[in-house]
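# I would like to see how this sequence folds:
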Amino acid sequence: MPPALAATISRSAEVKASASAVWSLIGPFCAIKAWLPPVGECIEDGKAPPTRILVTKDGKAAFVEKQTARNDAERSYSYAFLASPLPVTDYASTIKVTANADGTSTVTWTGSYTPDQGKETAAAEALTGVYEAGLSEIKTRLAK
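Next comes the predicted model:
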């Protein structure tokens, strides 16, 4: 069988809050535990660039992620999986907040990865679920 091809995912959400308010919620590298529902704990190593370990609320899974880029002025950061329970390799992602003219903002979360052979659907469904849950929680937390 041919190897699985690289895949991409992108989800965005309109948030009824300023870009700076959204960035203050999601910008810190370990703030992900506040807005990604499955994450129970985030441990950051304090290095530059930092690595974080995300542990799920049930304690059954952990993700090790290294920040690969950060631009606070543009309100974005990128990271890559060093270890993950998901059936993917070469996962890299960027989350970005863009200000809109009406005072709202748009959060865009994109990723690219290679799904494990035969696990293309499982990988896509898992990542889509994570992205949508996170964006929904950001909207909920910032809805005034």
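# Just the buried positions in the helix ranked longest in the chain, please.
Of all segments of type helix in the chain, defined using DSSP state H, the longest is helix 120-142. Buried residues in helix 120-142, counted by 16 or more other C-beta atoms under 10 Å: 120, 123, 126-127, 130-131, 134-135, 137-139, 142. Any C-beta I mention is one placed from the backbone N, CA and C, and that applies to glycine too.
# now do stretch 77-90
77-81, 84, 86-88.
# still on that earlier bit, can you list the helices and strands that the longest helix of the chain packs against?
Applying 3 or more C-beta pairs under 8 Å, 6 or more residues apart in numbering; DSSP states H and E, we find helix 120-142 packed against strand 7-15, helix 19-26, helix 32-35, strand 105-115.
# I'd like to know which elements the third one is packed against.
Using 3+ C-beta pairs under 8 Å, 6+ apart as the contact definition, the elements that helix 32-35 packs against are helix 19-26, strand 39-44, strand 51-56, helix 120-142.
# Please name whichever of those is nearest to T106.
The closest of the helices and strands packed on helix 32-35 to T106 is helix 19-26. By C-beta to C-beta, the value is 8.5 Å.
# The residue nearest to P115 when sequence neighbours are not counted and V130, how far apart?
Take P115 and drop its neighbours on the chain: the residue closest to it by C-beta to C-beta, 6 or more residues apart in numbering is A123, 3.8 Å away. The span separating A123 from V130 equals 11 Å under the rule C-beta to C-beta, to the nearest Å.
# try T110
The value you get for T110 to V130, if C-beta to C-beta is used, is 13 Å.
# And G118, by the same measure?
G118 is 21 Å from V130, by C-beta to C-beta.
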